[in-house]
Every structure is written in C-alpha cells, then in structure tokens.
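Novice: Predicted model, plus sequence, below.
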Amino acid sequence: DFGHWFKAIGDRAVTFDGASQDTPQAHWVGKALQTGDEDLAIGILRMLDCGANNAFDALNAEVNDTARSIEYLNGILPLASEGADEVLAGHGISKETREKVLAKSHCTPPDNYFITSDDMIGKAGVWAHFGLWDFNKAQMFNTLNKKEYKSNKSDYIALLKSRFNYSEEQAEEMYRQITSLSDSKAVNDWISPWPGYASDVRGCSKGGNASTLRCDLGNGAFAAVDLIEMEIRIPTPQGTQWPASFVYPTESGIEEKRYENASIGLSIVLIPTGTDSFANMFVSQEIAKSMFTRLFFMEGHGLSHFDKFADETSLTRQRIIVWKVDWDGLDKNVHPALQPIATLPPEDAIASEGNNTATGSTA
C-alpha cells in the first residue's frame, strides 16, 4: 500500500505498490510473504526484480496452461540458473523459451530492501490469500464455465481426469464442489483461504519447573509447553486439546510439529523474547512458519538471505523493519535471545545478563 511513498522518498523503483495490486505481482509478493521456504521467497524476489511477471509470460507463451506454468516456475525459482535450465528442459521446454525465461527469472538482481511492518499483520488475510491462490482450482472453475463444457458434464469429467490425473471419483467430487458455488465470493473462498494472525502476542511464564512454560491464550485459557520434548497441550474442562501445529525456534532455525489429533484449527507460535523467556500467539497454520512470521516476530531467526537494515517505531507506535536482501545468503541470522552467551564478547555477555529484552539487529 505504501509503495508510492517508498518510490518517491527513496527515489528508487519498487517491486509492488498500490497501483499493481490487481496484477500478477500480488500473487508473487503474497507468496514470498506466505511461504516457509526461504529459497523460494528469494527466487520470487529475484524474478520480480529481474523482470516482474515476464518470466511467466515467456513460459506460458509456449506451455499455454497457466496452472502448469506456475507449477514449473515454483519448481525452478529456488534453484540456481543451471539447475533451473535442466528442470525446464526436463519438462520439454524449448531452448529459446528457456533462455527467455531465465533472463527474466535468474538475472543478477539489483539491491532489494524488503519491508515488514505492523500494518501487514492485519492485512495478512489479503496477502496470504493471493499468495495461496490455487491456480489448479481457478483453472478448473474457469474451464467449466467455457461454452464447450458448461452443458457437457461427461467431457468436463474426462478433462479433469486427463489434465489433473483425477480418478473418476475425484473428478465427480470436484465437479460437485464447483457446481455448488453460489456466487463470486464462494468461488474466491473456495480457490484460496484467508489466513491470519488470530491473537495478539501474549506472554509465557515458567511453569512448575524450569523446563515447562505456561503460555497465556486469553480468557483464562493457557497452553502448557514442555521445553525438553517441545510438546504443547491445552488443558480444558473438556479434556486436553491440541493446536493444528506448534511452531518453535531451535538453535539453527524454526521447527513445526503437526498434530493429527488437533482439536483447534489454529497453530501456536512460540516466540523468543529474551534470555530463557518466551511469548506466544495463535496463527493460521498456512502462515505459522511464513517468511513474514519469521521476519517480523522472530527477528529473521534461521534465515540467511535477509539482513536487518533498519528497525524503527513510528509516531503511532507502528513497528517497521527493513531487511536488505542478501542474494548470496552466506550468514544465518540468530535471534539475540538465542545467541549463545559463550560466543559473545565479555562486555556483551555482561550486558546480556542485565537485560533480557531482545533488541538490535540480527543481520
């Protein structure tokens, strides 16, 4: 939303702004924020800097299948140029098209500054919705509305089976889902969810011993965390319940533990806040391990391609963090609260003991 401001004040081009919210960039930027795959996120940013959506345009000119072209791009963006070329060749893409695609997806990119800010928390439903857009579902819906298929169920079922490798039962179920959609909102909701941050960040305190946490969930509810086994449970009068997943920091990055017996449709993210202290929040599972979650709430912990450039709070107490993209990704960020004391210089170790609040850069 603030791209025009960045462009005017920073006197530099932007990847995305309010004028391009109805362009393919909305999907790609949303995907870069939503994905938990740093290599994919960096590949997307490189592609956008090299040529906006032109890599897709060049590829789809030959493939002529939007969903398949997106699938191919998602497969090559995390890779180096040579590997990407091999993958495209494996899909039967011509040498001429491969060269056009890679020129717009794997150039030597310019400097990039990636912004994460407080206002993006409330907008997560929008950027994640675009980022999670299911191009297969969109293609199925649009195809059924074509004249040749709209009144010919048997041909449509045959298409689903051949194009998407569906069984007869799967094709029938997809046909049933699509024909039951009542309006454009139902279609939009069916194609992609609207994930979000379902709670504020809330505190955790030590439980009965040093290896357990009691994390406030609001309204008197709490989650019990075992810091040894990294397990979480939610005691309730109706019995123990579990979240969809539990996302927590390790020494080198982030892990996610999923619960098959989940009774709550949200994930809980454990956030380091200081030496041996934590907070937590409820989040939709689709963005629990996302780049935005890790960059804004976890100081970029475990990421190699984002170096903190600036961390400011506005007059309205909105936090704004600017990350300089490190295209080479040589050094991994470590959250200040998880930095081993033994590796710090003596004066920093003394300061750390006196202040358990995580501050400063992880670049």
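Specialist: Structure's in. What do you need?
Novice: Please name the residues that touch Thr212.
Specialist: Contacts for Thr212 (CB atoms under 8 Å, 6 or more residues apart in numbering) come out as 206, 224-227. For every residue, glycine as well, the C-beta is placed using N, CA and C.
Novice: What sits closest to Leu48 if chain neighbours are left out?
Specialist: Distances taken as CB to CB, 6 or more residues apart in numbering place Thr15 nearest to Leu48, at 4.9 Å, with adjacent residues excluded.
Novice: wait, isn't that neighbour in contact with Gln25?
Specialist: Yes - under the criterion of CB atoms under 8 Å, Thr15 is in contact with Gln25, at a separation of 6.9 Å.
Novice: Residues that sit against both of these two, list them.
Specialist: Contact criterion CB under 8 Å, 6+ apart; residues bridging Thr15 and Gln25 by contacting each: Leu48.
Novice: about what we covered before: between the contacts of Thr212, which sits nearest Ser277?
Specialist: Minimum separation from Ser277 among the contacts of Thr212 (CB to CB) is found for Lys206, which lies at 8.6 Å.
Novice: And the closest one, its phi and psi?
Specialist: phi -70, psi 140 (degrees, to the nearest 10).
Novice: how about it, what does it touch?
Specialist: 212-214.
Novice: Nearest to Leu77 among these?
Specialist: For Leu77, the closest of these turns out to be Leu213, at 37.5 Å, with distances computed as CB to CB.
Novice: Just to check, that closest one is in contact with Phe222?
Specialist: No - with contact defined as CB under 8 Å, Leu213 and Phe222 do not form a contacting pair (9.3 Å).
Novice: Please point out which parts of stretch 196-205 sit buried.
Specialist: Taking 16 or more other CB atoms under 10 Å as the basis for neighbour counts, the residues of stretch 196-205 that come out buried are 196-197, 199, 202, 204.
Novice: I'd like the list of these that fall within helices, please.
Specialist: Judged by DSSP state H, those include no members of helices.
Novice: Switch these over to TSV; also include distance to Arg46.
Specialist: Formatted as TSV, these follow (distance: CB to CB, whole Å):
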residue	distance to Arg46
Gly196	28
Tyr197	27
Ser199	34
Arg202	37
Cys204	37
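Novice: quick one on the thing from earlier: which of the contacts of Thr212 sit farthest apart?
Specialist: The most widely separated members of those, counting by CB to CB, are Lys206 and Asp226 (12.4 Å).
Novice: Pull up the distance across stretch 139-153, start to finish.
Specialist: For stretch 139-153, the first and last residues are 16 Å from each other (CA to CA, to the nearest Å).
Novice: start the count at 253, not 1, going forward
Specialist: Shifting the count to begin at 253 puts that one at stretch 391-405.
Novice: centre of the chain versus that stretch, how much separation?
Specialist: The gap between the average C-alpha position of stretch 391-405 and the chain average comes to 32 Å, counting by CA atoms, centre = their mean, to the nearest Å.
Novice: what about that stretch, average pLDDT?
Specialist: Taken as a whole, stretch 391-405 has an average pLDDT of 94.
Novice: Equivalent analysis for stretch 499-515, please.
Specialist: Average pLDDT, stretch 499-515: 96.
Novice: contacting residues around it?
Specialist: Contacting residues not belonging to stretch 499-515 are listed as 288, 482-484, 493-498, 519-524, 535, 540-541, 545-546, 550, 553-554, 584, 587, 590 [CB under 8 Å, 6+ apart].
Novice: try it again with 7 Å
Specialist: Counting by CB atoms under 7 Å, 6 or more residues apart in numbering, stretch 499-515 makes contact with 482, 493-498, 519, 521-522, 524, 540-541, 546, 550, 553-554, 587, 590, all of which sit outside it.
Novice: which parts of that stretch are buried?
Specialist: Across stretch 499-515, burial judged by 16+ other CB under 10 Å covers 499-501, 505-506, 511, 514.
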